[in-house]
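**Q** Sequence and predicted model, in that order:
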Amino acid sequence: MRALITGATSGIGQALARELSRRGWKLVLTGRDQAALSRLKQELRTETHIIALDLSQRSAPFALHAFCKDKPVDLLINNAGFGIFGEFSETELDDELRLIDVNIRAVHILTKLFLHDFKRRNFGTILNVASSAGFMSGPLMSSYYASKNYVVRLSLAIHEELRRQKSAVKICLLCPGPVATNFNRRAGVRFTVPAADVTEIARYTIDRTMRGQLIQIPKTMIKLAVLGAKLTPAPIAAAVTYEVQKKKLD
């Protein structure tokens, strides 16, 4: 069995690579940092191929799919992504367009390309790493929250299509809350609630992905937050989210 992981050089992606390697999976890993990929490859126990790509580049998702043509993938993990903090009127448009290219466009393209491959074989699984933010609107991180809403809704729609087709292909969604990675450092903020351990998250999601569980929300507190967001009128939920996000700079 072979898994492809995007954003594998740190955080959840790196933890997933280690966990899958521990379980005997072959790997294809991608990220922007060639040196970090090489270090991770040397550490892992199983056959590992690496390719340094910046998924914000228009051709990168297609190049990644082509790279895997002679390395059949059984599990695609769309993990690469980043956030931007600040009021929408003040954040940089170029940064937001890169976010859209990585968090939405690359996920969309890779999901479609590998879904075609998986459906031809009637076998394979896609794990899209979204966020609890994917069920909410996010003042002060509007582009990030919106991008994860896209991933959530796209994945749920594909799941229903596959279910009606009685396909053996599966799609799953990991929707964690705060995780102890460099995500907030890149976004320029700090956590206001305890962050989950990235190794625990990796084990959690691999176990559930192997069972085909569609929506995966680690931690009871985050499940309750998502439920609360669903039950609360949208303007009130947005106001609460604003106050939570604002504290990240206090």
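**A** Now that the structure is in, tell me what you want to look at. Numbers count the residues shown, from 1 in each chain.
**Q** Only C-alpha atoms from now on, for both contacts and neighbour counts.
**A** Noted.
**Q** Near residue 209, how many other residues are there?
**A** 22 (other CA atoms under 10 Å).
**Q** my bad, should have said residue 175
**A** There are 24 residues near residue 175, going by other CA under 10 Å.
**Q** So which residues of this protein form strands?
**A** All strands of the chain, identified by DSSP state E, fall at 2-5, 26-31, 48-52, 75-78, 125-129, 170-174, 215-216.
**Q** Report the separation between the nearest residue to residue 40 once chain neighbours are set aside and residue 238.
**A** Distances taken as CA to CA, 6 or more residues apart in numbering put residue 9 closest to residue 40, at 7.4 Å, once the chain neighbours are dropped. Distance of residue 9 to residue 238, given as CA to CA, to the nearest Å: 33 Å.
**Q** and the gap between the residue nearest to residue 40 and residue 204?
**A** Taking CA to CA, one finds residue 9 at 20 Å from residue 204.
**Q** Between those two, which has more neighbouring residues?
**A** Comparing residue 9 with residue 204 by other CA under 10 Å, the one with more neighbours is residue 9, at 25 against 15.
**Q** Report the contact partners of residue 177.
**A** 131-133, 195-196, 217-218, 222 (CA atoms under 8 Å, 6 or more residues apart in numbering).
**Q** hmm, which of those are the buried ones?
**A** 131-133, 196, 217-218, 222 (16 or more other CA atoms under 10 Å).
**Q** So, low pLDDT: which residues of the protein?
**A** The chain contains residues with pLDDT under 70 at 180-194, 249-250.
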